[in-house]
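Engineer: for reference, the sequence and a predicted model appear below.
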Amino acid sequence: MLTPKELFLHPKPVPLAGFDQSGSRMIACPNPPIEAIERGWAIAIPSSSFDVRQMIQQLPFEPDLVSLSARVMSFQPRGLHALNCPTVMKLGDTFHPGDGGLTQMIRYCQQLNCDYHWTYQSTQHLHFFAEAGLKNTFWLPASIVLDPYIPTASEKTSDVIFRGSKSELHCYRNYLLDKLTNIDIQTKDYISSLQDYARAKIVINTSLNGDLNRRVFEVLMAGGFLLSDRIRPETGLFELFEEGIHLECYGDEAELTEKIQFYLAHPEKAAQIAAAGHQRFIECYSPESIQQKLYHYIFNNQIEAPFRGEHDRRSRSSFKLQTRIKLYELIQELQRLQPALNILCYQIAPEIVSDLSDLSRSHLTYVQPNTQAHLDSTFQIILVDKAIEQCVSYLTPLGFLIVIEPQLITIQQLNQQLEKHHCFPVELSVTLFGQSYPLSLENHGVVYQKMPPEADTRTNKDVASLAVNRISSGKVIQQQFKHLSIVHSAIRVLRSIRFRHP
């Protein structure tokens with residue numbers, strides 16, 4: 001068993017209970033408890049910008065690795081490149097706006113340039129980090145961030161439970177749980193929740209945004225019967241566990257209700273699945289075993305190929321990475337706000353469609369380039385780059401038409417063309433916990449909304465936290481230029497002219 005000496009750089013204060021008492025791990029953080037410093041568990045970080053080499057001089061040992069986490073972008077340790085040991089970056093939440101956004105996190109990691117980059121959450125975003133040139137990207141299941149727990153034999157004293165947050169961040173979770181009856185919903189501490197998982201006949205899980213979350217591993221570790229939303233294979237869930245064998249899944253509200261009724265009527269089947277899921281967890285994905293996988297990869301380069309970031313076929317794309325990321329971030333956030341999305345990808349690059357394929361509540365219809373399609377449905381979102389008038393009729397009222405990388409010189413003409421179909425350029429923003437976040441494509445695209453005369457042009461009434469503001473053609477052009485260098489802008493304009501006048 002590998003037990004390396006580790007220095008962990010943490011951007012926020014850590015409570016006394018969070019320190020390692022074995023002596024093999026030192027935490028450097030702002031304002032650590034005096035007792036942790038006195039016992040040799042902690043070092044105080046003087047500010048968010050510091051030289052890590054000076055920190056290492058204060059350690060009672062020479063570290064075998066230095067670890068940190070991409071969660072606070074203002075946290076700026078210097079001198080990582082000059083260390084004589086591996087530097088390891090843990091990638092955090094990339095499923096909603098804020099510091100956890102993909103664009104910000106990739107830029108942060110590129111700036112610090114660590115030796116290894118790994119995520120404990122879903123693996124579906126890892127290909128973006130690999131394509132961005134980050135070194136040694138890989139995934140390890142979320143049990144690595146759990147405190148180990150050994151369940152005791154428990155009577156089933158509850159039918160259906162959910163333990164966790166119902167904050168404004170969890171739109172789909174709140175939508176589903178509010179529709180269920182006779183379900184025990186509470187927020188409890190870690191150990192109490194694990195005990196409840198073992199005592200319940202059914203434990204409901206709903207991901208934040210189609211991601212593989214910690215609760216999957218917590219329930220299986222506790223020996224509970226897990227009924228979770230069916231996320232996409234790109235998340236890695238079905239690399240680890242098999243539906244109907246180790247856990248159960250649902251795809252929508254109707255299937256969730258049906259499976260609750262079935263397993264309440266057949267508790268022996270639920271117990272069988274719970275036992276198999278717990279056994280699979282103990283044998284393959286316990287916190288201790290996954291921690292050893294982390295060390296073996298860093299020091300011995302030993303990790304299975306499916307868990308490497310570059311193993312995802314999408315990491316070999318040639319289409320513009322930044323355009324794909326900005327589009328993905330926007331669509332992912334619109335999915336977070338809605339129970340389901342119906343999306344038409346009309347004659348766009350297949351790489352973009354491949355990126356979006358891991359969004360579990362988004363149904364994609366793809367019309368390939370140089371083909372025609374006669375569709376019998378309408379769509380909340382349409383992505384297009386050239387054949388705009390051929391697809392705009394399929395857009396629902398208040399739906400969004402996203403034009404990918406429009407030619408700068410034709411934006412005025414494009415706006416006039418779409419206005420005939422009651423589609424107008426808009427800016428989008430979302431409010432989370434009192435803070436507004438713009439959902440901008442920068443120079444990678446323009447968002448239009450179909451606004452019938454009776455529609456409210458300021459907000460989308462169905463999604464209270466989403467603000468939709470109509471903007472002028474001039475502002476669209478200004479925004480496209482804002483994110484381009486002078487040289488890049490000139491090249492784009494010249495290409496636009498050549499496109500119009502061959």
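Structural biologist: Here it is on my side, so go on.

Engineer: list the buried residues of stretch 76-96.
Structural biologist: Going by neighbour count (16 or more other Cβ atoms under 10 Å), the buried part of stretch 76-96 is 77, 80, 83, 85-96. Where you see a C-beta, it was placed from the backbone N, CA and C, and this is true even at glycine.

Engineer: pull the most distant pair out of those.
Structural biologist: Of all pairs drawn from the buried residues of stretch 76-96, the greatest distance, 33.4 Å, lies between Cys85 and His96 (Cβ to Cβ).

Engineer: which stretches of the chain have low pLDDT?
Structural biologist: By pLDDT under 70, the low-scoring segments of the chain are 100, 306, 454-462, 481-502.

Engineer: now do the SS call for the residue nearest the centre of it.
Structural biologist: By Cα atoms, centre = their mean, the chain has its centre lying nearest to Phe95, at 2.7 Å. Assigned state for Phe95: coil (three-state reduction, DSSP: H, G, I helix; E, B strand; the rest coil).

Engineer: likewise the one 3 residues further on?
Structural biologist: Following three-state DSSP, we place Gly98 in the coil state.

Engineer: give the buried residues for stretch 380-391.
Structural biologist: Judged by neighbour count using 16+ other Cβ under 10 Å, the buried positions of stretch 380-391 are Gln380, Ile381, Ile382, Leu383, Val384, Asp385, Ile388, Cys391.

Engineer: apologies, that question was intended for stretch 253-262.
Structural biologist: Residues Leu256, Lys259, Ile260 are the ones in stretch 253-262 that count as buried (16+ other Cβ under 10 Å).

Engineer: same check, this time on stretch 101-110
Structural biologist: Gly101, Leu102, Thr103, Gln104, Met105, Ile106, Tyr108, Cys109.

Engineer: what of stretch 188-204?
Structural biologist: Using 16+ other Cβ under 10 Å as the burial criterion, the residues of stretch 188-204 that qualify are Ser193, Leu194, Gln195, Asp196, Tyr197, Ala198, Arg199, Ala200, Lys201, Ile202, Val203, Ile204.

Engineer: who's in contact with that stretch?
Structural biologist: Around stretch 188-204, the neighbours that count as contacts under Cβ atoms under 8 Å, 6 or more residues apart in numbering are 147, 149, 151-152, 154-164, 177, 180, 183-184, 186, 218-219, 221-228, 256, 260, 263-264, 267, 270.

Engineer: would CSV of the buried residues of stretch 253-262 with distance to Ile282 and secondary structure be doable?
Structural biologist: CSV is the format used below for the buried residues of stretch 253-262 (distance: Cβ to Cβ, whole Å; DSSP: H, G, I helix; E, B strand; the rest coil):
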residue, distance to Ile282, secondary structure
Leu256, 27, helix
Lys259, 25, helix
Ile260, 26, helix
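
Engineer: on that earlier part again, out of the buried residues of stretch 76-96, the closest to Pro350 would be?
Structural biologist: For the buried residues of stretch 76-96, the closest approach to Pro350 (Cβ to Cβ) belongs to Thr94, at 22.7 Å.

Engineer: is it true that the closest one touches Leu102?
Structural biologist: Yes. At 5.0 Å, Thr94 and Leu102 qualify as touching, with contact defined as Cβ atoms under 8 Å.

Engineer: what is in contact with these two at once?
Structural biologist: Between them, Thr94 and Leu102 share these contacting residues under Cβ under 8 Å, 6+ apart: His125.

Engineer: first vs last residue of stretch 282-293, how far apart are they?
Structural biologist: Taking Cα to Cα, to the nearest Å, the first and last residues of stretch 282-293 lie 15 Å apart.

Engineer: next one: stretch 427-447
Structural biologist: End-to-end distance of stretch 427-447: 7 Å, with Cα to Cα as the criterion.

Engineer: name the helix or strand for Pro425, please.
Structural biologist: Counting by DSSP states H and E, the secondary-structure element that holds Pro425 is strand 423-432.

Engineer: helix or strand right after that strand?
Structural biologist: Sequence-wise, the next helix or strand downstream of strand 423-432 (DSSP H and E) is strand 435-438.

Engineer: identify the residues contacting that next one?
Structural biologist: The set of residues external to strand 435-438 that reach it, using Cβ under 8 Å, 6+ apart, is Pro97, Gly98, Glu427, Leu428, Ser429, Val430, Thr431, Ala467.

Engineer: how about a cut-off of 6 Å?
Structural biologist: Pro97, Ser429, Val430 (Cβ atoms under 6 Å, 6 or more residues apart in numbering).

Engineer: among the residues you listed, who's most crowded?
Structural biologist: The most neighbours of any of these, using other Cβ atoms under 10 Å, belong to Pro97, which has 22 neighbours.

Engineer: skipping its backbone neighbours, what lies nearest that residue in space?
Structural biologist: Here the nearest residue to Pro97 in space, its sequence neighbours aside, is Tyr437; by Cβ to Cβ, 6 or more residues apart in numbering that works out to 3.9 Å.

Engineer: partners of the one you found in the sheet?
Structural biologist: Beta-bridge pairing of Tyr437, defined through DSSP bridges, involves Val430.

Engineer: residues near it, how many?
Structural biologist: For Tyr437, the tally of surrounding residues (other Cβ under 10 Å) stands at 16.

Engineer: dump the contacts of strand 435-438 into TSV; add distance to Leu9 as well.
Structural biologist: Converted to TSV, the contacts of strand 435-438 look like this (distance: Cβ to Cβ, whole Å):
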residue	distance to Leu9
Pro97	25
Ser429	33
Val430	31
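
Engineer: quick one, phi/psi of the nearest residue to Leu112 once chain neighbours are set aside?
Structural biologist: Spatially, and ignoring its direct neighbours in sequence, Leu112 is nearest to Leu80 (6.0 Å; Cβ to Cβ, 6+ apart). Phi and psi for Leu80, reported as degrees, to the nearest 10, are phi -60, psi -40.

Engineer: Leu80 contacts Thr87, doesn't it?
Structural biologist: Yes. In this structure Leu80 lies within contact range of Thr87 using Cβ atoms under 6 Å: 4.8 Å.

Engineer: circling back to that earlier point, just the buried ones from the contacts of stretch 188-204, in ChimeraX syntax?
Structural biologist: Selecting the buried subset of the contacts of stretch 188-204 in ChimeraX, with 16+ other Cβ under 10 Å as the burial test, is done by:
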select :149,160,161,162,163,164,177,183,218,219,221,222,223,224,225,226,227,228,256,260,263,270
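
Engineer: which of the contacts of stretch 188-204 fall in helices?
Structural biologist: The helices, defined by DSSP state H, take in Leu177, Glu218, Val219, Met221, Ala222, Leu256, Ile260, Tyr263, Leu264, Pro267, Ala270 from these.

Engineer: coming back round to it: would you turn the buried residues of stretch 101-110 into a markdown table with distance to Gln368?
Structural biologist: Output for the buried residues of stretch 101-110, formatted as a markdown table (distance: Cβ to Cβ, whole Å):
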| residue | distance to Gln368 |
| --- | --- |
| Gly101 | 30 |
| Leu102 | 26 |
| Thr103 | 28 |
| Gln104 | 33 |
| Met105 | 32 |
| Ile106 | 29 |
| Tyr108 | 36 |
| Cys109 | 34 |
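
Engineer: quick one on the thing from earlier: closest one of the buried residues of stretch 253-262 to Glu310?
Structural biologist: Leu256 (35.7 Å).

Engineer: how about the closest one, what does it touch?
Structural biologist: Listed by Cβ under 6 Å, 6+ apart, the contact set of Leu256 reads Tyr250.
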